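Enquirer: the amino acid sequence is not available; the structure is as follows:
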């Protein structure tokens, strides 16, 4: 029997963009991909203010709907922040953290970039106040800006524009740029998967925080790009060896039967 895995996407992606990751993990897990509100056109955005707590509560709701005696939760980057702040329940046996976003202090940013991002945060607040999110979102210049800034192919940027709610996009961007809280870990085994050569996340610092706060931690460093251009199943298959997944499953099985 494959363990049940509830998986939450990174920012700004969804189950469409990360279908390759889901297909890769489906060889080992029964995957339940959770699209957060506002990240897929079939999942309406949050009402009122958009907060981390509301995203985590939504995830907990999906956990309660799961018909399984045991499960594992997993989050990619921003998705880890969501699942780690969820309540979960006693059926949860382990947490899979893939390239996890902890807080803005763990970002690999130069002083100039930090200042630029702080300015962007202020601009995003003004955009929200003036109600300009949708107008900017649908503009040709913003589409081209996203292509240039992310170096994504046009079809991927079009998927982002067509599926992600603009208010959600700008609100989460501001949340990530300004988020400073230290993580509160669950008393569960954590499986940390990342890349020590990551140019976006300071993985050394992330590992230090995990080690300091956890009683059971399993770490694997894989050559995964934080924003890979290739999102196919084959990409993840060539970057994460079968034996690494096998060791993870053996540990999870030990937890379930222990």
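Expert: Nice, I can see it. The structure presented is a predicted model; accordingly, all values stated were derived computationally and were not measured.
Enquirer: okay, CA-based contacts and neighbour counts for the rest of this
Expert: OK.
Enquirer: contacts for stretch 121-130 next, please.
Expert: With contacts defined as CA atoms under 8 Å, 6 or more residues apart in numbering, stretch 121-130 is touched by 133, 167, 170-171, 173-174, 177-178.
Enquirer: in helices only, show me those.
Expert: Applying DSSP state H to those, the entries found in helices are 133, 167, 170-171, 173-174, 177-178.
Enquirer: just among those residues, which is most surrounded?
Expert: Compared across the ones in helices among the contacts of stretch 121-130, residue 167 has the highest neighbour count, 21 neighbours, by other CA atoms under 10 Å.
Enquirer: the strand or helix carrying residue 117 versus helix 166-178: what angle between them?
Expert: If you go by DSSP states H and E, residue 117 is part of helix 111-130. Between helix 111-130 and helix 166-178, the angle comes out at 150 degrees (axes from the mean of the first three to the mean of the last three CA atoms, to 10 degrees).
Enquirer: among the contacts of stretch 121-130, which one lies nearest to residue 111?
Expert: For these, the minimum distance to residue 111 (CA to CA) is 13.6 Å, reached by residue 177.
Enquirer: any idea how far that closest one is from residue 107?
Expert: For residue 177, the distance to residue 107 (CA to CA, to the nearest Å) stands at 9 Å.
Enquirer: now swap in residue 96 and tell me
Expert: From residue 96 to residue 107 the distance is 20 Å (CA to CA).
Enquirer: chain center to stretch 190-210, what's the gap?
Expert: Here stretch 190-210 is found 14 Å from its chain centre; the criterion is CA atoms, centre = their mean, to the nearest Å.
Enquirer: what's it in contact with?
Expert: The set of residues external to stretch 190-210 that reach it, using CA under 8 Å, 6+ apart, is 94-102, 106-109, 214, 216-226, 248.
Enquirer: can you turn the buried part of those into a ChimeraX selection?
Expert: The following ChimeraX line selects those of these that are buried, judged by 16 or more other CA atoms under 10 Å:
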select :94,95,96,97,98,99,100,101,102,106,107,108,109,219,220,221,222,223,224,225,226,248
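Enquirer: quickly list the domain ranges of this protein.
Expert: Using automatic domain parsing, the domain parsing of the chain gives 4-107+181-257, 111-176.
Enquirer: now do the buried residues in the host helix or strand of residue 155.
Expert: Per DSSP H and E, residue 155 falls inside helix 154-163. Buried residues in helix 154-163, counted by 16+ other CA under 10 Å: 157, 160-161, 163.
Enquirer: please apply the same query to stretch 26-45.
Expert: 28-40, 45.
Enquirer: dihedrals phi and psi, residue 87?
Expert: With angles defined as degrees, to the nearest 10, residue 87 sits at phi -80, psi -30.
Enquirer: nope, residue 165 is what I meant
Expert: phi -70, psi 130.
Enquirer: excluding its backbone neighbours, what's nearest it?
Expert: Spatially, and ignoring its direct neighbours in sequence, residue 165 is nearest to residue 38 (5.0 Å; CA to CA, 6 or more residues apart in numbering).
Enquirer: perfect, that will be all.
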